[in-house]
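A.B. asks: Could you look at this predicted model? Sequence included:
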Amino acid sequence: MPFSKLGLAKHILQGVQSMGYGDPTPIQLRAIPPALEGRDVVASAQTGTGKTAAFALPLLQRLDSHGKCRCLILEPTRELAMQVETALRDFSRFTNLRIGAVFGGVGYGAQRTALKEGVDVLVATPGRLEDHMQQGTVRLDAIEILVLDEVDRMLDVGFLAPMKRIIAKCPKNRQTLFFSATLPPEIADLANWALRDPVKIEVGASRSVASLVRHGVYQVEPAAKFDLLLALLGELDFESAIIFSRTKHGADKIAKKLRAQNHSVAVLHANRSQNQRIEALQGFKSGKYEVMVATDIAARGIDIAGVSHVINYDIPQHPEDYVHRIGRTGRASRSGDAFTLISREDFKKLAAIERFIGQRIERLTLKGFEPKPAPAPIPRDTPPNSGASQQGHRPRRRRFSRRR
Ligand code: AMP
């Protein structure tokens, strides 16, 4: 079904056309009609499914023309707030609606001026929004549409309490659109509290990884990990690659070593200043940097079209993060490759990820980096284990009792 059959007005369709979109994605098909009717929507949709347009198009149509600040969109990170603000500006090109954004890490001046001049849609991160509310530079009493985006990540970064305070300040008779990649019980409870008789939408299994992504895992001795990364980058025909590190310090170290090998590298993590983060993202998007090294929280939900490869230098700590990381590639029907580097200590985490996504990840080897066989800790005084240890399983360590 084309966009023109979803009940969208001409000036909104023009905005969609100018973005070069083809047909609507499943989340757009299912969320736009009820949202246009004013219904509350709770949607679980993995990242990269086109959910920004799924909430942006109906809200722009319902706001219609310039007035008070009537729509609030909450985002968990500055990067997402900026990205959604840009998308809203693009979609609203053929309307007279004004879009504004408030987020931390930058000065208050320009945000105050924009708020004073009047915005119809405000995209905000909770902390900075509450600062503005305390300073009296923003009021939520005219909010008609509230969008809670990436709610699971809001909770991960500790925004549950501020988010609830903000929701409580919005008028009760509003429309609420609620998006989360996963809907565990605590998030479902929050949705029950914040929404009225919502239409429930689940796009794909929230645990599934983007189907167009080919993914694999390389087992490597910890000491050879960086060399494998280098060899992999050398072998791959990549346009742009994101490398995930578990820690900020680790990300800096990988970036430094890659630069020493003449790779052009951007770094994205929470310890970098807002200007550094903007420069990193813009440089990566424009092609100035071919590689971006990032931590999970900083990179969550960020839309970078055409990321050809994701490399998990460190295996994700939580299985859901695997799905989010892989979501960076293969966005909106592009295909991509995703590789994870593991050592023997990571086998349990890998098994948890495979259980979570319901799929086995292909084991790959790169010439010269074949993993050493696991040591065989079979004590002499026990009968030999007849079954050889299976690949991918860590043989159980036995304790030797000391003989006198
Ligand atoms: P999102 O999940 O909203 O971050 O969207 C992921 C990417 O898909 C963005 O680059 C969007 O511009 C793009 N996109 C969203 N909807 C469509 C569509 N119907 N057709 C083509 N691309 C789309």
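C.D. replies: Arrived safely. Numbering: from 1, shown residues only.
A.B. asks: which stretches of the stretch 301-404 of the chain form helices?
C.D. replies: Using DSSP state H, counting those that start in this stretch, the helices found in the stretch 301-404 of the chain span residues 319-326, 347-357.
A.B. asks: and the chain, what are its domains?
C.D. replies: 3-203, 213-364 (automatic domain parsing).
A.B. asks: would CSV of those with mean pLDDT be doable?
C.D. replies: Output for the domains of the chain, formatted as CSV (pLDDT from 0 to 100):
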stretch, mean pLDDT
domain 3-203, 94
domain 213-364, 87
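A.B. asks: between these, which one is nearest to P373?
C.D. replies: Proximity of the domains of the chain to P373 was assessed by C-beta to C-beta; the nearest stretch is domain 213-364, lying at 10.5 Å. Where C-beta positions appear, they are placed from N, C-alpha and C, glycine not excepted.
A.B. asks: Quick one: end-to-end distance for that closest one.
C.D. replies: Taking C-alpha to C-alpha, to the nearest Å, domain 213-364 runs 15 Å from one end to the other.
A.B. asks: With stretch 173-186 instead?
C.D. replies: For stretch 173-186, the first-to-last residue distance is 23 Å (C-alpha to C-alpha).
A.B. asks: residues of it that come out buried?
C.D. replies: For stretch 173-186, burial by neighbour count (16 or more other C-beta atoms under 10 Å) applies to 174-181, 183.
A.B. asks: Need the domains of the chain in a markdown table (columns: distance to P371).
C.D. replies: Formatted as a markdown table, the domains of the chain follow (distance: least, C-beta to C-beta, whole Å):
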| stretch | distance to P371 |
| --- | --- |
| domain 3-203 | 31 |
| domain 213-364 | 4 |
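A.B. asks: so which of the ones you listed gets nearest E370?
C.D. replies: Set against E370 and scored by C-beta to C-beta, the domains of the chain come closest in domain 213-364, at 8.7 Å.
A.B. asks: Centre of the chain to that closest one, how far?
C.D. replies: Relative to its chain's centre, domain 213-364 lies at 13 Å (C-alpha atoms, centre = their mean, to the nearest Å).
A.B. asks: Give me whichever of the helices of the stretch 301-404 of the chain is most buried.
C.D. replies: helix 319-326 (a mean of 23; mean count of other C-beta atoms under 10 Å).
A.B. asks: That helix packs against which elements?
C.D. replies: Contact partners of helix 319-326 among helices and strands, from 3 or more C-beta pairs under 8 Å, 6 or more residues apart in numbering; DSSP states H and E: helix 296-299, strand 309-312, strand 336-342, helix 347-357.
A.B. asks: Any chance of JSON lines for the helices of the stretch 301-404 of the chain, columns distance to the ligand?
C.D. replies: Output for the helices of the stretch 301-404 of the chain, formatted as JSON lines (distance: least, C-beta to the nearest ligand atom, whole Å):
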{"stretch": "helix 319-326", "distance to the ligand": "12"}
{"stretch": "helix 347-357", "distance to the ligand": "19"}
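A.B. asks: need the helices and strands packed on helix 319-326 in TSV with distance to F244, can you?
C.D. replies: Shown next, in TSV, are these (distance: least, C-beta to C-beta, whole Å):
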stretch	distance to F244
helix 296-299	7
strand 309-312	5
strand 336-342	9
helix 347-357	13
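A.B. asks: show me the contacts for R78.
C.D. replies: 103-105, 125, 274, 277 (C-beta atoms under 8 Å, 6 or more residues apart in numbering).
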